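1. Sequence and predicted structure below; questions after.
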Amino acid sequence: MSDPETLKIYSAKADDYVALTSGSVIKDPMFDAFLAELPSAASILDLGCGPGHFSAAMAARGHAVTALDAVPEMVDLAAAHSGVTAHVATFDEITGENLYDGVWANFSLLHAARDMMPKHLAALHKALKPKGVFHIALKSGTGSKRDTLGRLYTYYTDTELTAMLEKTGFTVTDRASGCDIGMDGAMADWIALRARG
């Protein structure tokens, strides 16, 4: 994520985001399904980790977690969880090859510009170990726009996102969709796909 306005909003509203997402691990069936496909003591990248709720749950189950976020306030919150290694980094700074058994990109890449998504997906595919597990969740729709708080979103349809993943070398293995309320108070449709590298 490189949009300055979006980063500024997450920095200013870090506490609000913690409150909004505090129960997210408990009510996310895709998370349990993601972990079920990983080996024990897996190496996991939590991309756009936010306050680290999912990172903490991964670490509590014995996995080695690297948590990345572009917002320093979020990284500080994530790093406070036992077993979580957290760093400030943007999507453009994803590097390495065959590093992770799993990548959890939960409502983070929706802040990337559409023309940059292929590059980010390619970097994540490279960072995954062969047949590694990739989870991506985004708001569904078309186009790009800012919400009432000023955060920039890029929307995707299931068909569009599936095609992008397949072109990058992923094989989609599962999908889910729903509608939830965001930090801006608006209901939004979402899609989540799980894939193998």
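-> Nice, thanks for sending it over.
2. Helix or strand, whichever it is, which one in the protein has the lowest mean pLDDT?
-> helix 14-21 (a mean of 61; mean pLDDT, DSSP states H and E).
3. Show me the shaky parts of this protein.
-> 1-2, 12-27 (pLDDT under 70).
4. Please, where are all the strands along it?
-> 43-47, 64-69, 84-88, 100-106, 128-139, 144-146, 152-154, 171-181, 187-196 (DSSP state E).
5. Glu37 is nearest to which of the ones you listed?
-> For the strands of the chain, the distance to Glu37 is smallest for strand 128-139, at 4.7 Å, taking C-beta to C-beta. C-betas here are computed from N, CA, C, even on glycine.
6. outside of that closest one, which residues touch it?
-> Residues outside strand 128-139 that contact it (C-beta atoms under 8 Å, 6 or more residues apart in numbering): 30-31, 34, 37-38, 43, 98-107, 109-110, 124-125, 153-156, 161, 165, 170, 188-197.
7. what residues are up against the nearest residue to Leu128 once chain neighbours are set aside?
-> Closest residue to Leu128 apart from its sequence neighbours, by C-beta to C-beta, 6 or more residues apart in numbering: Gly197 at 3.9 Å. Neighbouring residues of Gly197 by C-beta under 8 Å, 6+ apart: His125, Leu128, Lys129, Pro130, Lys131, Gly132, Val133, Phe134, Gly169, Phe170.
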